[in-house]
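>>> sharing a model prediction with you, sequence too.
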Amino acid sequence: MTATRRLAAILAADVAGYSRLMGADEEGTLERLKALRAEVIDPKIAEHHGRIVKTTGDGMLVEFASVVDAVRCAVEVQQAMPDRNTGAAADSRIELRIGINLGDVVVDGDDLYGDGVNIAARLEGLAEPGGICISEDAFRQVRGKIAAEFTDIGEQALKNITRPIRTYRVMAAPGAASRRASSGPPLPEKPSIAVLPFANMSGDPEQEYFADGMVEEIITALSRIRWLFVIARNSSFTYKGQAVDVKQVGRELGVRYVLEGSVRKAGGRVRITAQLIEVEGGAHLWADRFDGPLEEVFELQDNVALSVAGVIESAVQAAEIRRSAERPTSDLTAYDLYLRALPDCLSWDGGRVRAALARLEQAIERDPQFGPALGFAAVCNHALGRYGGGKGTEAHRRAALDLAHRALQASPGDAGVVANVAFMLGSLGEDIKPAIALVDRALELNPSFARGWGISAWLRMWAGQPDVAVEHWQTSIRLSPRDRNLTEPVLFGLAHFFRRRFDDAITFFLTALANMPRNPEVHRDLAACYALTGRLEEARQILDRLRTITPVIFPHIVSFRDPEHRELFLSGLRLAMGEAT
């Protein structure tokens, strides 16, 4: 009998963290899911002419005759979710992941089978909590037909699908009639601000780094204000070089206020201009100009931060930001070297990391108490120790620990320094508890520190808490929604790996490898994962690639503290190495 086939738009959805939610409150979770389906999901599916094919405890498969209807339904369901989670604690929110594909399906009664269905299910696995991923076939049909923005995230290797699938992330477009005021990141309860890149008015492209560094310092100063929600630099800087609409920026980043300005550096003087804009009405709440000699640049930065804080909530201005806040250094040449090193410190490229370390060592030679430079020099030594070569793994490890302790002694109140030290202590084999205590302290110093939340996520992963790690990473993403750290797929891959969902982990590790082709850690993770799924030839090929990057195949230091997690990783890597020799 010939199978019946038809072209269909398939929507696959599931509840992120379902097992954790059920473990914490089984009856309450089931009750909330039933209400969610009855009040939101099922009515939206009916409104857009969908048919529920099947349901599971935490998910469903839905068929649509039109992919436009499928994507519209998905967007509207996701837009409704923040209201459903109002008042819920972070670890008890119900968040959906949705994947959509347009493809040929096999019909068997009321059920559907085939690659058209399987691809939708795999795309759902790629989506973030609250997110939507669609295939290229679906994208071609909806492009220009619905009010949404699409981000091309490249070709993705999906489990049991023979060819890579080009994939797009979907979000409702700013200004769309269906877009809610709270769509995109919801506005936090406390005042929120994004500092856009300042224009370099010096007429010298080489001074771009100085203008960028100025904004970095203003963001850091504002982030010390605990009642202020500050978007991280990496998300703000995605608007660099663009003519922006502040209303759009506010919607995309989820903030009430935007600060923009310019920096002019000429001779021995600096001029900073800045203006604060209220996003909703476009009103200019404040504008000012700050002039001074170059040697007073740090005071100028604090003046800008103080003025903005005063406009937002003048009553707590004096208490929440101190003019006497510690300066990173009084040596401007050292500061200049530090700024030039920063872009390469976290590049995951051995040559660039070595160049960054050379600049940082020059800065430290000029100012031995320059805490941020000491902290990032520790990070660079740690990375080079993992790569192998140079002055030797153990020498880099000792240097990293020494620099980390010096940084903490020099700048105990700098959240960035404290977080870097926590990362060092956590990754270099020391007791994980002091490292976690340090990163918690960094986040107390600066609750809006996106990178600090990311470091906290890694420490929790190493401590054997993958669920908490993913939660902290999501907080980091919220604070920097337009910045995707290159290590993100590694962390999500490990979360799947330690749950023994190896095929899902491989998908994330392959994405990480495309982002960081010279990162040895990703090669080791992927080789171990391949080996544990029996794909030993592919594991061997990954190890061969690793040998072109570093002579260190088996890591001298394994950061995973949970004995079961540690043995799982090591057993996979041993298996891969056994096949490779």
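Done, it's in. In this text the structure is predicted, and so the values were computed from the model without any measurement.

>>> from here on, contacts and neighbour counts on C-alpha atoms
Will do.

>>> for stretch 247-266, how far is the first residue from the last?
33 Å (Cα to Cα, to the nearest Å).

>>> again but with stretch 422-432, I slipped
9 Å.

>>> what lies in contact with it?
378-379, 382, 397, 400-401, 404, 434-436, 438-439, 455, 459, 462-463, 557-559, 561 (Cα atoms under 8 Å, 6 or more residues apart in numbering).

>>> would you mark the buried spots in it?
Buried residues in stretch 422-432, counted by 16 or more other Cα atoms under 10 Å: 422-428, 432.

>>> pLDDT-wise, which helix or strand of this protein ranks last?
helix 317-320 (a mean of 30; mean pLDDT, DSSP states H and E).

>>> which strands or helices does the next helix or strand after it pack on?
Sequence-wise, the next helix or strand downstream of helix 317-320 (DSSP states H and E) is helix 332-345. Counting by 3 or more Cα pairs under 8 Å, 6 or more residues apart in numbering; DSSP states H and E, the packing neighbours recorded for helix 332-345 are helix 208-223, helix 350-366, helix 371-387.

>>> make it 6 Å
helix 350-366 (3 or more Cα pairs under 6 Å, 6 or more residues apart in numbering; DSSP states H and E).

>>> give me the buried positions along the helix it packs on.
350, 352-354, 356-357, 359-364, 366.

>>> determine how far the host helix or strand of residue 22 lies from the middle of the whole chain.
Secondary structure assignment for residue 22, by DSSP H and E: helix 18-24. Distance, stretch centre to chain centre, for helix 18-24: 24 Å (Cα atoms, centre = their mean, to the nearest Å).

>>> how far does the helix or strand just after it sit from the chain's center?
Next helix or strand after helix 18-24 toward the C-terminus (DSSP H and E): helix 26-36. Here the centre of helix 26-36 is set off from its chain's centre by 30 Å, with Cα atoms, centre = their mean.

>>> shouldn't residue 97 be within a strand?
Yes - assessed by DSSP: H, G, I helix; E, B strand; the rest coil, residue 97 belongs to a strand.

>>> so where do the strands sit in the protein?
Assigned by DSSP state E, the chain shows strands spanning 4-15, 50-55, 59-64, 96-108, 111-113, 132-135, 148-156, 165-172, 192-195, 199-200, 229-230, 257-266, 269-278, 284-293.

>>> return the most buried member of these.
Mean neighbour count (mean count of other Cα atoms under 10 Å) peaks for strand 132-135 among the strands of the chain, with a mean of 28.

>>> what does it contact?
Identification of contacts with strand 132-135 by Cα atoms under 6 Å, 6 or more residues apart in numbering yields 98-101, 123, 127, 167-170.

>>> then stretch 565-574?
528, 531-532, 560.

>>> what's the closest of the residues you listed to residue 478?
Proximity of these to residue 478 (Cα to Cα) peaks at residue 560, which lies at 26.2 Å.

>>> roughly how far apart are that closest one and residue 448?
Distance of residue 560 to residue 448, given as Cα to Cα: 27 Å.

>>> tell me which of the two has more neighbours.
Using other Cα atoms under 10 Å, the more surrounded residue of residue 560 and residue 448 is residue 448, with 28 against 22.

>>> quick one: pLDDT of the more buried one?
On pLDDT, residue 448 comes in at 73.

>>> show me what contacts it?
Per Cα under 6 Å, 6+ apart, neighbours of residue 448: 223, 229-230.

>>> could you dump these into JSON lines and include pLDDT?
Output for these, formatted as JSON lines (pLDDT from 0 to 100):
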{"residue": "223", "pLDDT": "75"}
{"residue": "229", "pLDDT": "81"}
{"residue": "230", "pLDDT": "83"}
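
>>> in helices only, show me the buried residues of stretch 422-432.
Among these, the ones falling in helices (DSSP state H) are 422-427, 432.

>>> those residues into TSV, with extra columns for distance to residue 234 and pLDDT?
Below are those laid out as TSV (distance: Cα to Cα, whole Å; pLDDT from 0 to 100):
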residue	distance to residue 234	pLDDT
422	21	93
423	20	90
424	22	84
425	25	85
426	24	88
427	24	82
432	28	90
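
>>> tell me the domain boundaries of this protein?
Listed domain ranges for the chain are 4-172, 192-320, 486-581 (source: automatic domain parsing).

>>> now do residue 71 against residue 55, distance only.
Here the distance between residue 71 and residue 55 works out to 19 Å (Cα to Cα).

>>> how about residue 574?
Distance of residue 574 to residue 55, given as Cα to Cα: 40 Å.

>>> what of residue 403?
Distance of residue 403 to residue 55, computed by Cα to Cα: 54 Å.

>>> also residue 141?
For residue 141 relative to residue 55 (Cα to Cα), the value is 26 Å.
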